[in-house]
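>>> structure for this input, please:
(one chain, ligands or ions: 1)
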Amino acid sequence: SKGRLANFSAGPAMVYEEVLHKCQLDLMNFEGKGLSVMEMSHRGASFTKIIEEAEQDLRTLLRIPETYEVLFMQGGATAQFAAVPYNLGWRHDPSDVAYAPRADFLTTGSWSKKAVAEAKKVGVEANVLATGDNKSIPSDVSAFDYGDAETRAQSAYLHLCANETIQGVEFKGLGSLGSVVGKGGQLQGAPIVADMSSNFCSKPVNVEDYGVIYAGAQKNVGPAGVTIVIVRKDLLGSPKAGTPTMLDWTVMSENKSLYNTPPCFSIYVCGLVFKHLLSLGGLDKVEQINKAKCGLLYDCIKQSQGYYDCPVDPKCRSAMNVPFTIPGHEDLEKVFVQEAEAAGLINLKGHRSVGGMRASIYNAMPMQGVEKLVAFMKDFQAKH
Ligand code: PMP
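Here you go, the predicted structure:
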């Protein structure tokens with residue numbers, strides 16, 4: 001709508017206009033109740049309906065089986081970096097007095113490295129299986145060296161980042177690891193835990209390949225403040241002694257995410273986004289649109305004959321975050337970002353740790369936004 005810009009921010013990011021309109025409509029007086037969602041009790045009938053519907057719609061979207069719990073938590077994905085070791089690191093036989101928790105980590109970029117650092121703080125020894133060069137990861141996750149069966153059996157879990165927001169590196173599935181794990185997410189004993197913060201609900205995933213999926217909402221499904229955790233029920237019940245209540249999945253699950261006051265308004269907006277994604281035809285359709293959008297951008301980079309470059313191996317290029325540079329003309333990158341902004345294309349500056357540009361094109365970025373960017377890139381190349 002008029003005055004709104006094409007926002008390529010890595011997050012918080014664009015929200016569907018339909019959802020914003022609905023929020024606006026509901027804001028003063030939600031369904032004739034005489035108050036807004038942000039003013040109502042989290043234990044009242046209206047909010048109960050909101051949170052239950054949000055969970056149900058997410059279950060429909062991702063085909064989440066009943067054997068999994070859906071939690072709405074706080075503290076962002078960063079809090080989950082700690083929650084994962086707290087909840088999964090101490091699921092051992094209590095008679096094993098020599099037990100020392102250890103987990104496996106695939107580190108393919110900045111965020112998966114942060115998850116390692118946090119697990120260490122909680123007291124889980126980190127076995128880092130791949131450091132990666134952040135640009136190329138095996139498209140088949142099973143290509144990593146997982147060690148022998150005995151080593152594997154001692155791992156509490158395997159953690160990976162499904163989409164590295166900063167480097168633009170995305171796993172395209174679990175490859176044959178998915179079939180090795182099969183039903184129940186078992187890789188010779190260790191459940192797979194995936195940080196899906198930046199590609200959550202951007203495509204269908206087979207939830208049963210994972211023990212845990214978590215994601216902050218602020219990229220694909222709503223405002224910051226709520227973090228979604230999908231956890232297989234048999235993994236609950238054995239948090240580390242002394243786990244802070246707010247990080248304890250078992251407590252959150254026993255209290256249906258209402259142990260304390262949840263981020264009500266954020267959950268409500270996520271619920272609206274889930275309904276919108278369903279109305280678009282579900283995640284198969286959403287993935288199709290996302291593939292078309294990132295395809296336009298990657299094609300433009302390829303057709304620039306080296307003027308623009310994307311450093312990421314084509315096998316694992318993210319459909320959500322597209323980093324690119326102007327090799328040999330780094331001075332022009334600043335000009336690019338400034339001129340783009342003047343043309344209504346905002347937040348294209350690359351992450352401070354990698355430089356260059358980055359276009360984050362989450363679900364709610366319309367095709368026209370990407371088309372505008374591509375046209376701008378062609379003009380910019382012709383001009384400079
Ligand atoms: N993981 C990934 C993949 C992310 O992109 C981000 C945020 N950019 C985080 C974790 C951290 O999320 P939060 O800010 O919600 O703690």
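
>>> just the pLDDT at the nearest residue to Gln74 once chain neighbours are set aside, thanks.
Nearest residue to Gln74, sequence neighbours excluded (C-beta to C-beta, 6 or more residues apart in numbering): Pro263, at 5.9 Å. To be clear about C-beta, it is placed using only N, CA and C from the backbone, and glycine gets the same treatment. For Pro263, the model assigns a pLDDT of 98.

>>> hmm, Leu71 and Ser253 touching each other?
Yes. Using C-beta atoms under 8 Å, Ser253 is in contact with Leu71, at 6.2 Å.

>>> who's in contact with the residue nearest to Gln74?
72, 74, 225-226 (C-beta atoms under 8 Å, 6 or more residues apart in numbering).

>>> give me the common contacts of Ser253 and Leu71.
Val231.

>>> give the contact list for Ser360.
Per C-beta under 8 Å, 6+ apart, neighbours of Ser360: 8-11, 13, 165, 198, 219, 320-322, 347.

>>> quick check: bridge partners of it?
When assigned by DSSP bridges, Ser360 has beta-bridge partners Asn321.

>>> relative to Gln303, how far out is it?
Using C-beta to C-beta, to the nearest Å, Ser360 is found at 21 Å from Gln303.

>>> next: Ile289.
Counting by C-beta to C-beta, the gap from Ile289 to Gln303 is 21 Å.

>>> same question, Val286
The value you get for Val286 to Gln303, if C-beta to C-beta is used, is 26 Å.

>>> who has more neighbours out of the two?
For Val286 versus Gln303, neighbours defined as other C-beta atoms under 10 Å are more numerous around Val286 (21 against 13).

>>> from what I can see the more buried one touches Asn199, true?
No. Judged on C-beta under 8 Å, Val286 makes no contact with Asn199 at a distance of 10.9 Å.

>>> for Gly350, give me its contacts.
Neighbouring residues of Gly350 by C-beta under 8 Å, 6+ apart: 323, 325, 333, 356-358.

>>> please apply the same query to Phe47.
Counted by C-beta under 8 Å, 6+ apart, Phe47 has contacts 37, 40-41, 264, 268.

>>> now Phe376
Contacts of Phe376 (C-beta under 8 Å, 6+ apart): 339-340, 343, 345.

>>> leaving aside the residues adjacent along the chain, what's closest to Glu287?
Nearest non-adjacent residue to Glu287, counting by C-beta to C-beta, 6+ apart: Lys203, 3.7 Å away.

>>> for the closest residue to the ligand within the chain, give me its contacts.
Closest residue of the chain to the ligand, C-beta to the nearest ligand atom: Gly76 (2.4 Å). Going by C-beta under 8 Å, 6+ apart, Gly76 touches 216, 224, 227.

>>> one more time with 7 Å
216, 227 (C-beta atoms under 7 Å, 6 or more residues apart in numbering).

>>> repeat that for Ser41.
Phe47.

>>> tell me the secondary structure of it, please.
For Ser41, the assignment made with DSSP: H, G, I helix; E, B strand; the rest coil gives coil.

>>> give me the pLDDT for it.
For Ser41, pLDDT reads 98.

>>> before we move on, what about the one 10 residues further on?
On the pLDDT scale, Ile51 is placed at 98.

>>> did I read that right, it in a helix?
Yes. Remark: Ile51 belongs to a helix, assigned using three-state DSSP.

>>> okay, it and Asn260: tell me how far apart.
Separation of Ile51 from Asn260 (C-beta to C-beta) stands at 14 Å.

>>> wait, Ser46 sits on Ser36?
No. With contacts counted by C-beta atoms under 7 Å, Ser46 stays clear of Ser36, the gap being 10.4 Å.

>>> which neighbours do the two share?
In contact with both Ser46 and Ser36: Phe30, using C-beta under 7 Å, 6+ apart.

>>> so what does the residue nearest to Gln74 have for phi and psi?
phi -70, psi 80 (degrees, to the nearest 10).

>>> about what we covered before: just send the contacts of Ser360 back as TSV, with neighbour count too.
Output for these, formatted as TSV (neighbours: other C-beta atoms under 10 Å):
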residue	neighbour count
Phe8	25
Ser9	18
Ala10	20
Gly11	19
Ala13	22
Thr165	26
Ser198	29
Lys219	30
Met320	30
Asn321	29
Val322	25
Asn347	19
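
>>> neighbours of Tyr68, how many?
Using other C-beta under 10 Å, the number of residues around Tyr68 comes to 23.
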